[in-house]
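Chemist: Take a look and give me a structure for this.
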Amino acid sequence: MQRKTIFITGAASGIGRATAERFAQEGWWIGAADLNTAGLESLRSELGTDNCSTWQLDVTDKSAYDQVIEELGVLTDGKLDMLYNNAGIGAAGFFEDIPLEESMKIINVNLIGVINGIYSALPLLKNANNSLCFSTSSSAATYGSPNLAVYAATKFAVKGLTEALAVELSRCGVRAADVLPGLIDTPILTDSLRYVNGSPVTTSERTIGANAPDEGPFRLIAPSEVADAAWAAYHENIIHWYVPPEIGDIDRAKMQSPEAMRDARIAMNSR
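Modeler: Next up is the predicted model:
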């Protein structure tokens, strides 16, 4: 295959789908994976079968991931220019109100799924010149977000993993980077339940994105802006991409004084 190739998890909707569309517009061949088969079929119909192949995939299933990557490698002559670990889930609420089983699902998808993907795809990345291992972290990985503690922990882990691999993988010509989005207008905002006293509150008013401000770093943003960051990340050698850029200000302020950030968050939560 002469075209550049990208493999995207969580590709049926939101950031993953917007990224598939963005890269397809640039002439790349798209490998797309998700649990949502209807969304995948819609994506494949939109992009065309000559430009896209899709797989139903649970990223927590390493053997299934290996099988998908093996099939992908057959289609791409054994190489992959960019892996995009994007699949993710969330849940909101006080730490003790979110059931352990729900927290473990978040860990398995958001962190173990990323690790599975890198282990599976790394041989193909090594076969492509200047390839990129790219992952979706989060603004929750700038300062640990209250009411999203376990979700934030997984995204901090992705951020740290990215920094380590940016050093390690340089020895074999593979780069590593991530994106730290704020509130992006994707299904995770409506599908992620908020827990109170151990039970989910199912009304739409209590989902994560219900109270997004109209301006500032946590304004609601289109997934196409993250897709643009992913495109830029392939062409530049920057590790962390903040969407919107003001998210980076939070990261830098936290490094100056995590205690001041903590006190500000406590004051905000007590209102």
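
Chemist: just checking, what packs against the lowest-mean-pLDDT helix or strand in the chain?
Modeler: Lowest mean confidence among the helices and strands of the chain (mean pLDDT, DSSP states H and E): helix 187-191, at a mean of 82. Of the remaining helices and strands, none touches helix 187-191 by 3 or more C-beta pairs under 8 Å, 6 or more residues apart in numbering; DSSP states H and E. Heads up, the C-betas are built off the backbone N, CA and C, glycines and all.

Chemist: Quick check: next helix or strand after that helix?
Modeler: strand 194-196 (DSSP states H and E).

Chemist: which of the residues in the least confident helix or strand of the chain are buried?
Modeler: Going by neighbour count (16 or more other C-beta atoms under 10 Å), the buried part of helix 187-191 is 188-189.

Chemist: how far out from the middle of the chain is it?
Modeler: 14 Å (C-alpha atoms, centre = their mean, to the nearest Å).

Chemist: Just the CA atoms of it, as PDB, please.
Modeler: C-alpha atoms of helix 187-191 as PDB (Å, rounded to 0.1, in the frame of the first residue of the first chain):
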ATOM      1  CA  PRO A 187     -21.400  10.800  23.100                       C
ATOM      2  CA  ILE A 188     -19.200  10.300  26.200                       C
ATOM      3  CA  LEU A 189     -20.700  13.400  27.700                       C
ATOM      4  CA  THR A 190     -24.300  12.100  27.400                       C
ATOM      5  CA  ASP A 191     -23.500   8.400  27.800                       C
END
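
Chemist: State the distance from A91 to S103.
Modeler: 7 Å (C-beta to C-beta, to the nearest Å).

Chemist: Could you name every residue contacting both of these two?
Modeler: V150 (C-beta atoms under 8 Å, 6 or more residues apart in numbering).

Chemist: Can you pick out the residue with more neighbours from the two?
Modeler: A91 (22 against 17; other C-beta atoms under 10 Å).

Chemist: what's in contact with the helix or strand containing S120?
Modeler: Following DSSP H and E, one finds S120 within helix 113-126. Contacts of helix 113-126 with the rest of the structure, by C-beta under 8 Å, 6+ apart, involve 7, 9, 59-62, 65-66, 68-69, 72-73, 76, 78-80, 83, 85, 87, 131-133, 135, 158, 161, 165, 169, 172-174.
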